[in-house]
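In: Turn this into a structure:
(2 chains, ligands or ions: 4)
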Amino acid sequence: MDVRLLTLNVNGEQHTLAVPVCKTLLEVLREDLHLTGTKHGCELGECGACTVLVDGEPILSCLALPIELEGREILTIEGLMEGGRPHPLQIAFAEMGAVQCGYCTPGVVLSAKALLDRNPMPTRQEIAEALSGNLCRCTGYIQILDAVERAVAWVRERRLILEEGRS
Amino acid sequence: MSRRVLHDGGAMLRLPPFRYFAPRSLDEALRILSDHGSEAQIVAGGTDLYPKMKRRQIEPRVLVSVRRIPELSRIVWATHGGVTLGAGVTLARVLACEDLAIAYPALARACAVIAHPPIRSMGTIGGNLCIDTRCTYYDQTFFWREALGFCLKKGGAICPVAPGGTRCWAVSSSDGAPVMIALGAVLHLIGPHGERTIAAEEFYRDDGIQYLAKAPEEVLVEVTLPREDGWKSTYWKLRRRGAIDFPVLGVAVAVRMESGRCRDARIVLGAVGSCPKRIREAENILEGNRLEPDVIEGAAHAVSRAIRPLDNADFLHLYRKRMASVFTQRALRELTDPPPR
Ligand SMILES: Cc1cc2nc3c(=O)[nH]c(=O)nc-3n(C[C@H](O)[C@H](O)[C@H](O)COP(=O)(O)OP(=O)(O)OC[C@H]3O[C@@H](n4cnc5c(N)ncnc54)[C@H](O)[C@@H]3O)c2cc1C
Ligand code: SF4
Ligand code: FES
Ligand code: FES
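Out: Ligands and ions are numbered 1, 2, ... in the order given. The predicted structure follows:
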């Protein structure tokens, strides 16, 4: 079997491990790094449960090979806290009832984070488009879209307050 | 037990083992491909290949990634118009390029409706033009297909779609393919016997198994789109959901007008057969005429008459045939109506 020694940057930490090349990032995250926040759904690219960010872009870890990701920044849901505090998206999802069974949530939140980092004031349509690869089988999409909008509003208010404080 | 490996109590769909190469030049890629012959398969983003491997539809022993080859990641505009896209350019990069959307709206439209955002970040334009054909009876897990009996496309003797037949009717399901034909694109290939170019229209074969006019060891290097030159284009896609799903009908239309009349037209349908279908009967109805409603309707009916979708994709095939006429009309109206101010 083709096994390689790889160094992966996951959530800001370097991990060096021996990986069979045929093992997907999803398998390595869950089984070798024990980061089980990344979920496995279809494992065929259809559901988005396994979404992680690579250099800020959402990708599907079930279709990604770790050997192609050396030197890239991989972010999973476990790495989303900022300075020990939950990300505004995490708070908004909890408060707005956007999490039911929670299985789709890590992928949804990461897709939403990638959008907000690129476009801090998205329209509802843009949010829906950015989340269009993430299936949710139980909450439904209304609360999810509401929660992302809430997080957008918070981040904006916080920025306004900071700007006022500065002037 | 190869398809379901139990680990920590959980069953997952895993890739079969393979050896992996990531050459940094075309020469090196060609050498590896010829060293490994039929055991090797080219991979770019893997978004079509890996699901097929997980379902054990394809089991290459060697993968040759083309992502590190510099020639494949370029976008080069020619001085007098026209652009060459490296086969390894991602769909997201095509979408981010405004000049492409202005010159070739059909291409931007098609890329915007392929799968969903993560796949568009991973998948490439070259991979999109080479994706495997699809079929309800083929795109299933190993377990499912084993239970029914393997079909012709997997080396079996039966075809549940057209029982008794000897050919495979799996469906060409690329959104990019009909668009590239409508835009008059030319593909550049390199293989052990040198380089060659081929019109996008000649690149597809009406055969669900041997669906490309390309040897497995030939690498698609780039795609050249000709100068815009007055052509207007668009793409309409039918699928059940607004995202994720492959097309079950794609209509790519390009027209060039001259003094109010249609000078040239190209109408190409995707997902209605084993290759994209150019409908010359419909083009002939448009050419030389003003695109009045009755002319558009005539062309749309010609489209519908010319295609014969089978019952091996989502939606009733008769509905897809009917929608081909509806979408052709919508596409042509979009191109002929003056843009709203
Ligand atoms: C859930 C899901 C939804 C999808 N929806 C759509 C859709 O709506 N429309 C659509 O068109 N596609 C769809 N796809 C298919 C696929 O994701 C895209 O077409 C994508 O652009 C394929 O590119 P890739 O680089 O990932 O191809 P890969 O999977 O890497 O390759 C695909 C095929 O092309 C060959 N190949 C790749 N690059 C080259 C090259 N340079 N030279 C020679 N051969 C090459 C490979 O050997 C393989 O046979 C979907 C896939 C999934 C999983
Ligand atoms: S058309 Fe027939 S042979 Fe081809 S993939 Fe479908 S079932 Fe198999
Ligand atoms: S588990 Fe990766 S997309 Fe469903
Ligand atoms: S919360 Fe259950 S799948 Fe989305």
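
In: quick one: secondary structure of the closest residue in space to residue A:21 that isn't next to it in sequence?
Out: Nearest non-adjacent residue to residue A:21, counting by Cβ to Cβ, 6 or more residues apart in numbering or on different chains: residue B:20, 4.2 Å away. To be clear about C-beta, it is placed using only N, CA and C from the backbone, and glycine gets the same treatment. For residue B:20, the assignment made with DSSP: H, G, I helix; E, B strand; the rest coil gives strand.

In: so residue B:20 makes contact with residue A:3?
Out: No - between residue B:20 and residue A:3 there is no contact under Cβ atoms under 8 Å: 10.6 Å.

In: Between those two, which has more neighbouring residues?
Out: Legend: neighbour count by other Cβ atoms under 10 Å in any protein chain shown for residue B:20 and residue A:3, higher for residue B:20 (17 against 12).

In: which residues sit in contact with that one?
Out: A:2, A:21-22, A:65, A:67, B:62-63, B:65 (Cβ atoms under 8 Å, 6 or more residues apart in numbering or on different chains).

In: what's the answer for residue B:23, then?
Out: With the criterion set at Cβ under 8 Å, 6+ apart, residue B:23 makes contact with B:29, B:31-32, B:64-66, B:68-69.

In: swap the cut-off to 7 Å and go again
Out: B:29, B:32, B:64, B:68-69 (Cβ atoms under 7 Å, 6 or more residues apart in numbering or on different chains).

In: Give me the phi and psi for residue B:48.
Out: phi -100, psi -40 (degrees, to the nearest 10).

In: Could you do residue B:118 as well?
Out: According to degrees, to the nearest 10, residue B:118 has phi -60, psi -40.

In: And for residue B:297?
Out: phi -60, psi -40.

In: go on, residue B:195?
Out: According to degrees, to the nearest 10, residue B:195 has phi -100, psi 150.

In: quick one: which of the contacts of residue B:23 is nearest residue B:48?
Out: Taking Cβ to Cβ as the measure, residue B:48 lies nearest residue B:64 of the contacts of residue B:23, at 15.5 Å.

In: re earlier: could you tell me which of the contacts of residue B:23 are located in helices?
Out: Among the contacts of residue B:23, the ones falling in helices (DSSP state H) are B:29, B:32.

In: and of the contacts of residue B:23, the nearest to residue B:246?
Out: Taking Cβ to Cβ as the measure, residue B:246 sits nearest to residue B:64 out of these, at 25.1 Å.

In: Can you pull up the most central residue in the chain?
Out: All of this refers to chain A. For chain A, residue A:110 is the residue whose C-alpha lies nearest the centre (Cα atoms, centre = their mean; 2.2 Å).

In: Surely that one touches residue A:51?
Out: Yes - at 5.2 Å, residue A:110 and residue A:51 qualify as touching, with contact defined as Cβ atoms under 7 Å.

In: Give the buried residues for stretch B:218-229.
Out: B:218-225, B:228 (16 or more other Cβ atoms under 10 Å in any protein chain shown).

In: Let me know the average pLDDT across it.
Out: The pLDDT scores in stretch B:218-229 average 97.

In: ok, residue 36 - how many residues close by?
Out: Let's take chain A. Counted with other Cβ under 10 Å, residues neighbouring residue A:36 total 16.

In: try again with chain B
Out: Neighbour count for residue B:36, taken as other Cβ under 10 Å: 18.

In: From residue A:46, how far off is the residue nearest to the centre of chain A?
Out: Distance, residue A:110 to residue A:46, using Cβ to Cβ, to the nearest Å: 17 Å.

In: Can you classify the residue nearest to the centre of chain A by secondary structure?
Out: Going by three-state DSSP: residue A:110 is helix.

In: Contacts only, for it.
Out: Residue A:110 neighbours (Cβ under 7 Å, 6+ apart): A:51-53, A:58, A:77.

In: Return the subset of those residues lying in helices.
Out: Reading helices off these, I find no matches (DSSP H).
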